[in-house]
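*Asks:* Structure, please.
(chains A, B, C and D, ligands or ions: 2)
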Amino acid sequence: MTVEIARHWRLNSQRYSLIGEECPACHYKIFPPRDVCPHCAEEAGPEFHFSGNGTVFSHTTVHTPPEGFEAQSPYTVALVKLDEGPMITAQLTDVDNGAVEIGLPVEMVTRKLAEQGDEGLILYGYKFRPQMAMA
Amino acid sequence: MTVEIARHWRLNSQRYSLIGEECPACHYKIFPPRDVCPHCAEEAGPEFHFSGNGTVFSHTTVHTPPEGFEAQSPYTVALVKLDEGPMITAQLTDVDNGAVEIGLPVEMVTRKLAEQGDEGLILYGYKFRPQMAMA
Amino acid sequence: MRDISIIGIGQTPVGEHWGRSLRHLAYDALHLAMKDAGTERVDALYVGNMLSGEISGQAHIGPLIADFAGLRGIEAVKIEAACASGAAAFRQGVIGVASGYQDVVAVVGVEKMTDDVGSRLTAGLASAADADYETVHGVTFVALNALIMQRYMHEYGLSKGDFANFSVNAHANGANNPNAMFRRAISKETFMRAGVVANPVSLFDASPMADGAAAAIICPTRLAREYTDKAVHVLASAIATDSLAVHDRKNPLWLQAAEDSAHTAYRQAKITPAELDFFELHDAFTIMAALSLEAAGFAKAGQGTRLAVNGDIALDGKLPIATMGGLKARGHPVGATGMYQIVEAALQLRGEAGKNQLPHARLGMTQNIGGSGATIGTHIFKSSE
Amino acid sequence: MRDISIIGIGQTPVGEHWGRSLRHLAYDALHLAMKDAGTERVDALYVGNMLSGEISGQAHIGPLIADFAGLRGIEAVKIEAACASGAAAFRQGVIGVASGYQDVVAVVGVEKMTDDVGSRLTAGLASAADADYETVHGVTFVALNALIMQRYMHEYGLSKGDFANFSVNAHANGANNPNAMFRRAISKETFMRAGVVANPVSLFDASPMADGAAAAIICPTRLAREYTDKAVHVLASAIATDSLAVHDRKNPLWLQAAEDSAHTAYRQAKITPAELDFFELHDAFTIMAALSLEAAGFAKAGQGTRLAVNGDIALDGKLPIATMGGLKARGHPVGATGMYQIVEAALQLRGEAGKNQLPHARLGMTQNIGGSGATIGTHIFKSSE
Ligand SMILES: [Zn+2]
Ligand SMILES: [Zn+2]
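*Replies:* Ligands and ions are numbered 1, 2, ... in the order given. Reported below is the predicted structural model:
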């Protein structure tokens, strides 16, 4: 069991708080972290903490889920353009599937991602919800 | 569920009664059935029913089973040389793991092979046991 | 580099082959291709396949298929590039013959989809995407295409109906292909009424997954005449890649690997896109058909659907596509699809495409897409005349 | 056909890399190899891997690894041949350069074993055997080797101790390899005392599975000088296959694919076995070491263990094997193993094997076995001098 979790455990810092990198050469903000900057191919640099704010670039709703996601179906997944630059794939939460639109401002929250395998492994990580209108 | 079983259902005639083929060209007895004779590369021929009798060519005992075989462990697997020629791989049953020897005459029986997957699919098929001394 | 030709082709009907396993399907296609080429021996076998390990619990299918097809002992290996495994295997075959290490080479694309349950199949297909950053969020293969299509429609102000003719055309052509999974034409109304799978992708935007195998035998062109008088010449062979995850692409609405591999192919073949008589593209989803047409140079960004709307893609249009039904109607047996495209292109170039035969088929192109565009293989073929 | 040379090599230590995923491990090895070659670009990437789909839920790793290594867009594809995936990928790289389609090619073998639980890993490894007629009976990878070893000992009147020196030699050599998983020598007594895994295979007959990646950069020999003055020349590259199932072999105690690929390799290299200075063989199990030595022509059937018993296989023997620890002590990261063998052969031929450096290393051979012998790849290399 410990063994299987390693695959996910190693991604915890990215999944719980959107920690990526900033390229020391071209200053491109990188997420997920890489060993080499995808922009300029230099070795990637120091940690960069993303704000978790972004907008919906595209979205769709999944009705036929893969193994491990049956309980959540139907759910909405999106391409989210982070304010700092990179795009990521994530589920939307705390929103009606039909109410999602391209351009919707969203913010990161931590939620259950999936239940996997016979061992009942539960994965947590980032999802996005509509940004709360601040007072 | 029906879908997954197809993979095994299609092999039922071989697994339940050792039905193979006889090559119409070189008369080699073929098991498992093939589309082309492995001996002379001619198209394989009519059904051939094996007697189910053979001898142990080699054997070992498995203590670290793959998924689906945990309940039977430890169990003995063998290469069995069928009286009609071909060799096949199968478990030995109704025999003490330590009592198996190369050359032991064995005969085919039908037993539970494995329990697979979350659906609890149970597979049946051939195993071999020591030949009963006939009166 | 040696010139290379196809001297034999074979395919099984695409569908649910409950009684035939992976090894049987591969044999069926190989057997037909070798008979067509009139050869009983080949020097090497390249197998294109994506999911044998995940679905059938069977890795190591190179030697398995070689042995089962009566070719025990020959060099044989599996090539995997998700849905582009077929083109990738053909590419390795071409490289093998070009190298001089091998003369007569067999390539087979095979996929056995019906050996496992739906949710595990869905998970298997999703393994073409980034497991750590896409799949883990519940994204399916359909969803990735839906995400691209949604933004594409938004960006270019398109509606559902703009994509209809891709599907209508494919089904019209599939009706005359005895190996197609769906052999009935559909109307635009049927397309418009179809249920949504993952918005905006509806049932008739998506291609059906099924079992299938298709094969070709290739050899140096100078040897081809010994085997056949209807050799099809391989003018170009190219593969390019892109980031695995859609979110990592410079432009998620542009198939960079299609542009790159197509342009490499045009250079190798010394032709311009306008010279092509037909294009077997990868219409796993209608959006992929549009993006392929754009990246291969037949339309500007955002204008790919116009070729469908105005009829250019029909058998009597300027650039016929999916001439035997495409992925949409012939079916999409993942790792086999690229080889179906090549076999169908060869049928057109040999004048053996039956009711769908193009009157003028001298130059044809195939393009096979892995995942949502991370591997794309493009090949150009020329008829004997 | 163009002559080909290795201009760069790289490897990660074999072991349990909890913090590094498949893409990271592949990058580590590729990065070192490209730095060693002094190049920042390659034309194509061949990835040897067996179980990424089954263990990590990740297919389509050609573009994934290319992109992650800073090579987005290049031609990249995965090659699978079970435990012989490493040699099979290298073989495709050689063919790629020989063809003229590619000049500078990267090959990486990578396997991430520790991403799943034991019983599923055991099932994954067993998928190298025949799923319908071997695996379904509960036969494991270890059991197949045990079945062969049991009969072999019976047939030739051998005992457990006859195999000891394969293990003792490997561990002695592994002790000096900083990338080896086990770096401690063992005595014959330790070997004899080890617990049985599947009779007659005991713990020290079997090699340990673990994570690892190893890579090489190759190019035409006439370009090699631009990159390095320690190029290693590829004199021969051959793959042969046999039936997948052990029970289907003409003789289950003979590695026909090893004989076939070795003889093809000798012919290509224009050498006799006696000219080889060392042999990196596939000692996944001690029985495989014995069978490799026989099939490659160093011993008659049933006499392979004699070379171990009489010390011929030691670093100062007539035919050193497993000079950096072999699969037994360096470890066996399935799809990466074939590339480790090639990297280690290159180290010997470059005079960089440290404490295990052979005084005379001019010609070396590697042999990588898939499953229980269904795919076997043999390569012969020559030093620059
Ligand atoms: Zn940068
Ligand atoms: Zn025969």
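*Asks:* From now on I want contacts and neighbour counts done on CA atoms only, so please keep to that.
*Replies:* Fine.
*Asks:* which residue ranges form the strands in chain A?
*Replies:* A:19-22, A:29-30, A:47-49, A:53-62, A:75-82, A:87-91, A:105-116, A:121-130 (DSSP state E).
*Asks:* cool, and the stretch 201-350 of chain C?
*Replies:* Along the stretch 201-350 of chain C, the segments classed as strands by DSSP state E, counting those that start in this stretch run C:201-202, C:212-220, C:232-241, C:278-280.
*Asks:* Next, format these as TSV and append mean pLDDT and mean neighbour count.
*Replies:* Formatted as TSV, these follow (pLDDT from 0 to 100; neighbours: other Cα atoms under 10 Å in any protein chain shown):
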stretch	mean pLDDT	mean neighbour count
strand C:201-202	98	22
strand C:212-220	98	31
strand C:232-241	98	26
strand C:278-280	98	27
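*Asks:* Relative to residue D:79, which of these is closest?
*Replies:* Nearest of those to residue D:79, taken as Cα to Cα: strand C:232-241 at 14.9 Å.
*Asks:* follow-up on the earlier one: just so I know, which of the strands of chain A lies nearest chain B?
*Replies:* Nearest to chain B among those is strand A:105-116; the distance by Cα to the nearest Cα comes to 11.9 Å.
*Asks:* quick one, what contacts residue 65?
*Replies:* Reading this off chain A. A:73, A:74, C:119, C:122, C:138, C:140 (Cα atoms under 8 Å, 6 or more residues apart in numbering or on different chains).
*Asks:* try again with chain C
*Replies:* C:23, C:26, C:27.
*Asks:* Which of the residues you listed fall within strands?
*Replies:* Short answer: those have none in strands (DSSP E).
*Asks:* Mark which of these are buried, thanks.
*Replies:* C:23, C:26, C:27 (16 or more other Cα atoms under 10 Å in any protein chain shown).
*Asks:* Which of those residues sits closest to chain B?
*Replies:* residue C:27 (7.9 Å).
*Asks:* For the closest one, give me the pLDDT.
*Replies:* You'll see residue C:27 listed with a pLDDT of 97.
*Asks:* One more: residue A:120?
*Replies:* Residue A:120 is given a pLDDT of 68.
*Asks:* The nearest residue to residue C:179 once chain neighbours are set aside - how many residues pack around it?
*Replies:* Closest residue to residue C:179 apart from its sequence neighbours, by Cα to Cα, 6 or more residues apart in numbering or on different chains: residue C:13 at 3.9 Å. For residue C:13, the count of nearby residues is 20 (other Cα atoms under 10 Å in any protein chain shown).
*Asks:* Does residue C:13 belong to a helix, a strand or coil?
*Replies:* coil (DSSP: H, G, I helix; E, B strand; the rest coil).
*Asks:* quick one: it from residue C:340, how far?
*Replies:* 10 Å (Cα to Cα, to the nearest Å).
*Asks:* Residue C:191 too?
*Replies:* Distance from residue C:191 to residue C:340, by Cα to Cα: 25 Å.
*Asks:* Those two: which is more packed in?
*Replies:* Set side by side, residue C:191 and residue C:340 show more neighbours around residue C:340, with 36 against 20, by other Cα under 10 Å.
*Asks:* Can you verify my assumption that that one contacts residue C:214?
*Replies:* Yes. In this structure residue C:340 lies within contact range of residue C:214 using Cα atoms under 8 Å: 5.4 Å.
*Asks:* Quick check: neighbours shared by these two?
*Replies:* C:11, C:109.
*Asks:* Any residues of the stretch 101-250 of chain C in contact with chain B? List them.
*Replies:* C:114, C:115, C:116, C:117 (Cα under 8 Å from any Cα of the partner chain).
*Asks:* now these as TSV including pLDDT?
*Replies:* Converted to TSV, those look like this (pLDDT from 0 to 100):
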residue	pLDDT
C:114	85
C:115	83
C:116	78
C:117	72
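*Asks:* So which of those residues is the closest to residue C:259?
*Replies:* Once Cα to Cα is applied, the member of those that ends up nearest residue C:259 is residue C:114, at 33.5 Å.
*Asks:* separation between the spatially closest residue to residue C:90 that is not a sequence neighbour and residue C:239?
*Replies:* In space, and not counting its chain neighbours, residue C:90 is closest to residue C:107: 5.9 Å by Cα to Cα, 6+ apart. Relative to residue C:239, residue C:107 is positioned 16 Å away (criterion: Cα to Cα).
*Asks:* ok, the closest residue to chain A within the stretch 201-350 of chain C - contacts?
*Replies:* Here the stretch 201-350 of chain C gets closest to chain A at one residue, residue C:247, 5.2 Å apart by Cα to the nearest Cα. Neighbour list for residue C:247: A:79, A:86, A:87, A:88, A:89 [criterion: Cα under 8 Å, 6+ apart].
*Asks:* ok, how many other residues are close to residue 38?
*Replies:* As the question left the chain open, I've gone with chain A. Neighbour count of residue A:38, defined by other Cα under 10 Å: 23.
*Asks:* my question was about chain C
*Replies:* Residues lying near residue C:38 (other Cα under 10 Å) number 15.
*Asks:* Going along the chain, name the helices of chain C.
*Replies:* When secondary structure is read from DSSP state H, chain C shows helices at C:22-37, C:52-56, C:61-68, C:85-99, C:118-126, C:141-156, C:164-174, C:188-193, C:221-227, C:256-269, C:286-295, C:304-309, C:326-330, C:337-349.
*Asks:* Pick out the shakiest of these, pLDDT-wise.
*Replies:* Taking the mean pLDDT of those, helix C:118-126 comes last: a mean of 83.
*Asks:* Could you name the helices and strands sitting against that one?
*Replies:* When contacts are defined as 3 or more Cα pairs under 8 Å, 6 or more residues apart in numbering or on different chains; DSSP states H and E, helix C:118-126 packs onto helix C:52-56, helix C:141-156.
*Asks:* from the chain's centre, how far out does it sit?
*Replies:* 20 Å (Cα atoms, centre = their mean, to the nearest Å).
*Asks:* List the contacts of residue C:41.
*Replies:* Per Cα under 8 Å, 6+ apart, neighbours of residue C:41: C:71, C:104.
*Asks:* What does the pLDDT read for it?
*Replies:* At residue C:41, pLDDT is 96.
*Asks:* Return the set of buried residues in stretch C:25-38.
*Replies:* Neighbour count says stretch C:25-38 has C:25, C:26, C:27, C:28, C:29, C:30, C:31, C:32, C:33, C:34, C:36, C:37 buried, by 16+ other Cα under 10 Å.
*Asks:* In contact with the closest residue in space to residue C:265 that isn't next to it in sequence, which residues?
*Replies:* Leaving aside its sequence neighbours, residue C:265 sits nearest to residue C:236 (Cα to Cα, 6+ apart; 5.0 Å). Taking Cα under 8 Å, 6+ apart, we find residue C:236 in contact with C:265, C:266, C:268, C:269, C:378, C:379, C:380, C:381.
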